[in-house]
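Q: Okay, predicted coordinates and the sequence, questions at the end:
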Amino acid sequence: MYIAELDINNPSTWQKMDIRKVSMREVFAKFGLEDNTIDFIGHAVALYPNDNYLEEPALECIKKI
């Protein structure tokens with residue numbers, strides 16, 4: 001729901017996280033996602049070949065999702 005309701009051009013929709021600075025790992029942690037869910041989103045949905053994206057700013061992953 002977070003991604004569906006998020007507007008990357010409207011920081012008021014970011015739920016007090018600066019998605020240009022926080023990592024995707026931090027975003028996943030905020031919502032308490034399990035490891036299998038994180039793997040599915042990162043690899044099957046966003047098509048990342050490895051887990052490096054978890055430490056990068058969340059914005060790019062969010063765009064891919």
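A: Everything's here; your move.
Q: any idea of the pLDDT on the spatially most central residue of the chain?
A: For the chain, residue 24 is the residue whose C-alpha lies nearest the centre (C-alpha atoms, centre = their mean; 4.3 Å). Per-residue pLDDT puts residue 24 at 97.
Q: With the one 5 residues further on instead?
A: Residue 29 is assigned a predicted lDDT (pLDDT) of 96.
Q: Tell me which helix or strand it sits in.
A: helix 24-30 (DSSP states H and E).
Q: Can you show me the CA trace of that helix as PDB?
A: The C-alpha coordinates for helix 24-30 follow below in PDB (Å, rounded to 0.1, in the frame of the first residue of the first chain):
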ATOM      1  CA  MET A  24      15.500   0.300   0.900                       C
ATOM      2  CA  ARG A  25      16.400  -1.900   3.900                       C
ATOM      3  CA  GLU A  26      15.200   0.900   6.200                       C
ATOM      4  CA  VAL A  27      11.900   1.100   4.200                       C
ATOM      5  CA  PHE A  28      11.400  -2.600   4.500                       C
ATOM      6  CA  ALA A  29      12.200  -2.600   8.200                       C
ATOM      7  CA  LYS A  30       9.700   0.200   8.800                       C
END
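Q: just to revisit the earlier point, correct me, but the residue nearest to the centre of the chain touches residue 59?
A: No: the criterion here is C-beta atoms under 8 Å, and residue 24 misses it with residue 59 at 9.1 Å. For the C-beta atoms, the positions are set from N, CA and C on the backbone; glycine is no exception.
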